[in-house]
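Chemist: turn this into a structure:
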Amino acid sequence: QVNDIKVVYHKAAGRSSRIFSFNDFRQEKRTIDIGLSKSDPWKPFKSRLDFEFAEFTQKASLNQQLVNDLFKLVKDAVNTPANLTLKSADDVNTVWESAKLYHPSFSSTKISKPYKDTDQLFDFHSRPLWDWILSQVQDPLLAPYMEWDAQRLSKYNGTEWVRFYDEPWTAKKFAEVQVKVRSGAKPLAIILWADTSVLSTFGTQKGHFIVARVGNLPMWIRNGKSWGGGRIVGFLPIVSAQLLGMHQGKPGFVDWKNAVYHEAFRVFLKDVARISKLGEVVRCGDGIPRILFPYIHVLSADYEEQCHFALIRGLLGKAPCPVCLVPKGGLSDLKTRYAYRTAASAQILVTRAESKASKGAALKAIGLRNNALWAVANTDVHEAISYDRLHVDIIGVFQKHILPEIKIILKDLGRKAQAEVDETFKTMARWSDLAHFKTGILTLDFSDGKKWADAARILLHATYNVMGQAQTPKGFALLRLFRKWHELNMYLSFEVHTEDTIAAYERTVDVFHDRLHDEGDDVKDWDGIIKIHAHIHAARDIRRKGVIANMDTKVNENLNGPMRRAYRMQTNFKNVEPQLGRIEDRAHVCCFTRAHIEAMDQAAKKSNEPIRTADSDEEPEGPSIRPRDAWVFGHVYVGSRQKTTFSDFARQSATDDAFINLRRKLSNCLGDLLSRTTAASSVPPPPHQVLHNVPPIRDSDTVLNCSYMLVDFEHKVSWRTNTDRLYCRSTPDYNTERFDCALIHMSDTEVMFCRLVRIFVYSTGEQKFALALIQPMATVARRADAALALCRLREKPRRESMVVPAQSIIRGAVIVPDRQHDGEYTLMDGLDTDHFLR
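Modeler: This next block holds a predicted model:
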């Protein structure tokens, strides 16, 4: 049937292909299984309260003095702290050290690299990578979610099966590794990230972190912050040019620094490299012994780090791409494909160069060195280097190249144009996960990737009126180019990619190339920008490694914040790597222990047993959960309900035309609903049909005025259930009024955008109906809309409002007012990937 999902396992797995209905396939668990938990998961802490106290001090980044002060306060405040056996910061440190014995911990290794005939020594702090991987592979809580076999997933579109990709094991690289390893063995995909982060306020102290993730876990676990997510596993040495009397940008220093980094990686990857060739039998968390072959599936890094990994000279070299051999002058050509770099060919060149008498000169001529990552079997460093959406698109093409050009054009247009753009940003409709721009966009110079990404969502809607073809042909050409980049960025955000969407992305790359050279050349010289060229490799990365979220640096850079906070609050600012390693050890213990405690609590709740808090037999009662089923209507939940009567509810017509003839509008809607004794469709009937035999609407009937609603909908890209929170409030309890917009069903085939006027529950007899009073919107078009792919909406008069069933709401929407045409708006189709694909 249409939308059925076919799963074809790798032949080495010995598992038969399966076909799932779409609904069965997408009902994936998004919580850790509660069935497998330890009896006393807080060990070696004496009680649960001891662990939770220590966990609090760790999360709050308290130093020794603050921990002791906190103990004093607790002792003064609690009369009988029976379960708190810890008495001081020393006690906490002692039990932390005991807990570390059960987990892979940081240690220091001396590495040496000669410079001008003098050995330079560095301390490399890391935890054993293979031991850290085993801590996840052998954990019973994570075992049900580990995937050991390659899968080819396809969705039936009515005529053929279309392949799709999401997780690493659905991509081609995972399957190729499973072919190469011995029969019955399993690939273990490793995802590594490395980057330098500023720790101190003025940038004098830096940290060079390595983060690891296990690619056999699903994305919602692997990229999460809880147990099973990524952790810092190493601190690369900070190599200072000043200490050696060298210039930071000199090729000699860059080569030597790369040599230091790769020597550290040789130490770091030593066990993994050995096991990648021979395999190792591991009893996994489900009790099944498996032969595991680790390999590096993804190297996630910004361009500078990618050059370190690939050992190339970057933009100083003739072929600056770490993935292919594109010449420096061809970076803006997105239609020509160049040969890919391979580790095998690089190894041959290095071997030949090293055999010559003038070894150093020969190596320098080819710009290569012996790469530490070559030691890991089934790993090609150039293929593992992956598309970095954060640095390529968000803070690359957009923030550093397109946005500055737009600011220049707006400055030329004058203050009025600048003020209109800033005002649009300041007054943007509120939406969850959409940043607020209190000061506009034109003065925003420094922010994180999340805020720049949100600015990119809004920018086109804020500028198209003041940068039209008539006002500035150059600016309009830039907006057309920006629109195509925006589409590329949205495609790369997809949570699931089919061959169809990948093909659509590749077609968009071609259009972007044409606009870049046909119109963009008048705006800016785009040659030499490596981030433009990177778009060529994104489609290949998706097919070989899964969706971009598997390899994006954003999720890894989120770990920089806790390290900065730990540096400021828990170190003495001297020799910080050992201190940060100790802090990270404790964070790892906290994460593991908290996951097992929560699993124990959920298991006890499921079996109606009391929740345990200590080693004693005293066990308090667990919390109760307040049911909400009474206010769930299909896929909609209505909340913050205030009781009133119909007469008081309808009285708002005195100040709002939307309430005119409310009794008739409500009667029409109820007639539609009451007539549906046998509905053939899941979509509510059109709310404009008038039916008879509707119970009379009395002034005393109960109406519950609701401030918000939760709307579940099937995401068009991820195919999972997502939830929108829509607000409809005008009470003085809030600083601002908020009346969200939505997309609603008018019939099985017709949809419409609208603004919510009121959400309410109407009761008649024993029946309750969740309803919405809406202001409809019509789709219109202006001349420039098609060139910029804008969807324009116009509000209908308030008196043409209608009452519709709440279940007819598909999901929420965000619209941006057109400041030059009252009552008109543009739809933000970049709000998320679901909106973009709809």
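
Chemist: would you check how far apart residue 212 and residue 138 are?
Modeler: Per Cβ to Cβ, to the nearest Å, residue 212 is found 16 Å from residue 138. Every residue, glycine included, has its C-beta placed from N, CA and C.

Chemist: same thing with residue 50?
Modeler: To residue 138, residue 50 is 25 Å away according to Cβ to Cβ.

Chemist: which one of residue 212 and residue 138 has more residues nearby?
Modeler: Taking neighbours as other Cβ atoms under 10 Å, residue 212 and residue 138 compare with residue 212 leading, 22 against 15.

Chemist: which helices and strands does whichever strand or helix holds the more buried one pack with?
Modeler: According to DSSP states H and E, residue 212 maps onto strand 206-214. Applying 3 or more Cβ pairs under 8 Å, 6 or more residues apart in numbering; DSSP states H and E, we find strand 206-214 packed against helix 129-137, strand 186-198, strand 231-236, helix 560-570, helix 576-606.

Chemist: dump those to JSON lines, plus distance to residue 426, mean neighbour count and mean pLDDT.
Modeler: Output for the helices and strands packed on strand 206-214, formatted as JSON lines (distance: least, Cβ to Cβ, whole Å; neighbours: other Cβ atoms under 10 Å; pLDDT from 0 to 100):
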{"stretch": "helix 129-137", "distance to residue 426": "45", "mean neighbour count": "21", "mean pLDDT": "95"}
{"stretch": "strand 186-198", "distance to residue 426": "30", "mean neighbour count": "23", "mean pLDDT": "93"}
{"stretch": "strand 231-236", "distance to residue 426": "38", "mean neighbour count": "24", "mean pLDDT": "93"}
{"stretch": "helix 560-570", "distance to residue 426": "27", "mean neighbour count": "17", "mean pLDDT": "86"}
{"stretch": "helix 576-606", "distance to residue 426": "38", "mean neighbour count": "20", "mean pLDDT": "85"}
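
Chemist: would you turn those into TSV with distance to residue 344?
Modeler: Compiled in TSV, those are given as follows (distance: least, Cβ to Cβ, whole Å):
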stretch	distance to residue 344
helix 129-137	24
strand 186-198	19
strand 231-236	26
helix 560-570	35
helix 576-606	35
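
Chemist: which stretch among those comes nearest residue 420?
Modeler: Nearest to residue 420, of all the helices and strands packed on strand 206-214, is helix 560-570, at 35.1 Å by Cβ to Cβ.

Chemist: give the contact list for residue 566.
Modeler: Listed by Cβ atoms under 8 Å, 6 or more residues apart in numbering, the contact set of residue 566 reads 61, 580, 583.

Chemist: what's in contact with stretch 55-71?
Modeler: Residues from elsewhere that reach stretch 55-71, judged by Cβ under 8 Å, 6+ apart: 86-89, 92-93, 565-566, 568-570, 583, 586-587, 590, 593-594.

Chemist: stretch 634-648 - what's its average pLDDT?
Modeler: The average pLDDT within stretch 634-648 is 88.

Chemist: contacts for that stretch, please.
Modeler: With Cβ under 8 Å, 6+ apart as the test, stretch 634-648 has contacts from 628, 631, 663, 697-713, 729, 759, 761-762, 770, 806-807, 809.

Chemist: cool, and stretch 501-515?
Modeler: In contact with stretch 501-515 (Cβ under 8 Å, 6+ apart) are residues 333-335, 477, 480-481, 484-485, 487-488, 491-492, 494, 535-536, 538-539, 542-543.

Chemist: on that earlier part again, buried residues in the strand holding residue 212, which are they?
Modeler: Buried residues in strand 206-214, counting neighbours by 16 or more other Cβ atoms under 10 Å, are found at 207-214.

Chemist: of all those residues, which two lie farthest apart?
Modeler: 207 and 214 (22.9 Å).

Chemist: show me where the stretch 351-500 of the chain has its strands.
Modeler: In the stretch 351-500 of the chain, the strands defined using DSSP state E, counting those that start in this stretch lie at 497-498.

Chemist: typed the wrong thing, it's the stretch 101-250 of the chain
Modeler: Under DSSP E, counting those that start in this stretch, the stretch 101-250 of the chain gives strands at 107-115, 118-126, 151-156, 161-165, 186-198, 206-214, 231-236.

Chemist: out of those, which comes closest to residue 749?
Modeler: Per Cβ to Cβ, nearest to residue 749 of these: strand 151-156, 22.2 Å.

Chemist: what's the angle from the closest one to strand 161-165?
Modeler: Counting by axes from the mean of the first three to the mean of the last three Cα atoms, to 10 degrees, strand 151-156 points 130 degrees away from the direction of strand 161-165.

Chemist: I'd like the average pLDDT over strand 151-156.
Modeler: The pLDDT scores in strand 151-156 average 90.

Chemist: contacts for it?
Modeler: Contacts of strand 151-156 (Cβ under 8 Å, 6+ apart): 1-10, 22, 161-166, 169-170, 175, 498.

Chemist: which among the residues you listed end up buried?
Modeler: Judged by 16+ other Cβ under 10 Å, buried ones among those: 4-10, 22, 161, 163-166, 169-170, 175, 498.

Chemist: looking at these, which are in helices?
Modeler: Secondary structure from DSSP state H places 22, 175 of these in helices.

Chemist: make TSV from the contacts of residue 566 and add distance to residue 430 to it.
Modeler: Formatted as TSV, these follow (distance: Cβ to Cβ, whole Å):
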residue	distance to residue 430
61	31
580	38
583	37
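
Chemist: what is the nearest of these to residue 455?
Modeler: Closest approach to residue 455 among the contacts of residue 566 (Cβ to Cβ): residue 61, at 30.6 Å.

Chemist: if we can go back for a sec, same list, the strands of the stretch 101-250 of the chain, but as CSV with distance to residue 519 please.
Modeler: Putting the strands of the stretch 101-250 of the chain into CSV (distance: least, Cβ to Cβ, whole Å) gives the following:
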stretch, distance to residue 519
strand 107-115, 49
strand 118-126, 50
strand 151-156, 37
strand 161-165, 33
strand 186-198, 35
strand 206-214, 40
strand 231-236, 43
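
Chemist: okay, now residue 384: neighbour count?
Modeler: By other Cβ under 10 Å, 27 other residues sit near residue 384.

Chemist: that one is in contact with residue 306, isn't it?
Modeler: No. Taking contacts as Cβ atoms under 8 Å, residue 384 lies outside contact range of residue 306: 10.0 Å.

Chemist: okay, and the common contacts of the two?
Modeler: residue 299.

Chemist: where in the chain is pLDDT low?
Modeler: The model of the chain has pLDDT under 70 over residues 26-39, 69, 72-86, 241-249, 251, 356-368, 607-628, 653, 676-694, 731-736.

Chemist: show me the beta-bridge partners of the nearest residue to residue 774 once chain neighbours are set aside.
Modeler: Distance criterion Cβ to Cβ, 6 or more residues apart in numbering; nearest residue to residue 774, sequence neighbours excluded, is residue 754 at 4.0 Å. Residue 754 has these beta-bridge partners by DSSP bridges: residue 742, residue 776.

Chemist: give me the number of residues near residue 754?
Modeler: Neighbours around residue 754, by other Cβ under 10 Å: 25.

Chemist: could you do residue 116 as well?
Modeler: When counting by other Cβ under 10 Å, one arrives at 10 neighbours for residue 116.

Chemist: got the phi and psi for it?
Modeler: Dihedral pair for residue 116: phi 50, psi 50, per degrees, to the nearest 10.

Chemist: which residues does residue 823 contact?
Modeler: Residue 823 makes contact with 794-795, according to Cβ under 8 Å, 6+ apart.

Chemist: same deal with residue 269?
Modeler: Shown in contact with residue 269 (Cβ under 8 Å, 6+ apart): 129, 372-373, 375-376.
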